[in-house]
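Visitor: Fold the following and give me the result.
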Amino acid sequence: MTKRLWPTTVVMLTLLFTGCAVTDTPFDRTPGTGSSGGSGLIGPTWLLEELNGQPVVEGTFASLTFNDQGGLGGVGGCNVYGGDFTADGSQIDVDDSIVSTMMACDEPIMTQEFAFFEALKSASAFTIENTTLTLSDQDGSIVATFTAQSQDLAGTSWLVTAFNNGDEAVVSVLDGTAPAIDFGADGQVSGTAGCNRVVGGFTTAAGTIKFSPLATTQMFCAEPEGTMNQETRLLAALETAATYHIEGPRLEFRTADDAIAVQFTRV
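Guide: A predicted model of the protein is given here:
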């Protein structure tokens, strides 16, 4: 199949990269009009390790996920993207019509992102060995190598970046506050809601999460203005969490109705 060059104008998705804007669908980026296939592709979040034989730009991450409706998506290093794929056995074809948001980042990151999208579109075959995914072009040259990202929360620490305020809006945390959460290997959670300390328990299974009742200290913080209101709403959002997903340095909780509950960045 002839592969076109990355178009100079792409269709703007209504998805924006967390940290620059809040989105209600950060992990559901794919149109899904193709046909799925390819054992082992679907499920993991694949993080780019090497692109055309070179390591990724330090401090960046690019990701790739496949769904069972023939859609793929992720983060290109700067922009969120989505597209379609078909797979049969070890063969794969990524449709040329990858679409992405249109943010600008530093030149090395944009150059890498352009090359990443081109590598995806050139892919003709894949192999999966343990936690490594390799994409190759029609000549058999390896164009991209990925590692499946662990979804284990135990032993990780996160800063809250945004949360559902209970009024059908996802809002960023107030400047001057730093709500954070630590997940212990013993199933205990601790952290701060921005003013008060928080402790409790958690359990996870197959992408689901459940907290035991969370307890807090009883301090009052007058500054920044709105801290206590934020804390109340954040704690309520945490207690609605039903599912979670880790992608690169980001963690997201969603409710049982698949609405965003809380978004985090890794410490």
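Visitor: So which bits of stretch 102-119 are buried?
Guide: Across stretch 102-119, burial judged by 16 or more other C-beta atoms under 10 Å covers 105, 109, 110, 112, 113, 115, 116, 117, 118, 119. For every residue, glycine as well, the C-beta is placed using N, CA and C.
Visitor: ugh, wrong one, I meant stretch 239-258
Guide: Neighbour counts over stretch 239-258 (16+ other C-beta under 10 Å) mark 240-248, 250-254 as buried.
Visitor: Quick check: end-to-end length of that stretch?
Guide: This stretch, stretch 239-258, spans 14 Å end to end (C-alpha to C-alpha, to the nearest Å).
Visitor: quick one: average confidence on that stretch?
Guide: For stretch 239-258, mean pLDDT is 95.
Visitor: which residues are contacting that stretch?
Guide: Stretch 239-258 is contacted from outside by 18, 26-27, 45, 47, 61, 63, 65, 74-75, 149-151, 153, 156, 158, 164, 204, 207-211, 214, 237-238, 260-266, using C-beta atoms under 8 Å, 6 or more residues apart in numbering.
Visitor: Any stretches of this structure with poor pLDDT?
Guide: Within the chain, the segments meeting pLDDT under 70 span 1-39.
Visitor: all strands of the stretch 1-150 of the chain, in order?
Guide: With strands called from DSSP state E, counting those that start in this stretch, the stretch 1-150 of the chain shows them at 46-51, 54-55, 63-66, 71-75, 80-88, 91-94, 99-100, 125-129, 132-136, 142-148.
Visitor: Go through those strands and pick out the most buried.
Guide: strand 71-75 (a mean of 26; mean count of other C-beta atoms under 10 Å).
Visitor: Next, the angle strand 80-88 makes with it.
Guide: 140 degrees (axes from the mean of the first three to the mean of the last three C-alpha atoms, to 10 degrees).
Visitor: now stretch 83-100, how far from the centre of its chain.
Guide: Here stretch 83-100 is found 20 Å from its chain centre; the criterion is C-alpha atoms, centre = their mean, to the nearest Å.
Visitor: Could you do stretch 145-160 as well?
Guide: 10 Å.
Visitor: Just the CA coordinates for it, please, in CSV.
Guide: This file holds the C-alpha atoms of stretch 145-160, laid out as CSV (Å, rounded to 0.1, in the frame of the first residue of the first chain):
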residue,chain,number,x,y,z
THR,A,145,9.9,-0.2,19.6
PHE,A,146,7.6,0.1,22.6
THR,A,147,7.3,-1.2,26.1
ALA,A,148,4.0,-2.0,27.8
GLN,A,149,3.5,0.4,30.7
SER,A,150,2.8,-1.1,34.1
GLN,A,151,-0.6,-0.2,35.5
ASP,A,152,0.4,-1.0,39.1
LEU,A,153,-0.4,1.8,41.5
ALA,A,154,1.4,0.4,44.5
GLY,A,155,4.5,2.3,45.4
THR,A,156,3.7,5.3,43.2
SER,A,157,3.2,9.0,44.0
TRP,A,158,1.1,11.6,42.2
LEU,A,159,0.2,15.3,42.2
VAL,A,160,-3.4,16.2,41.4
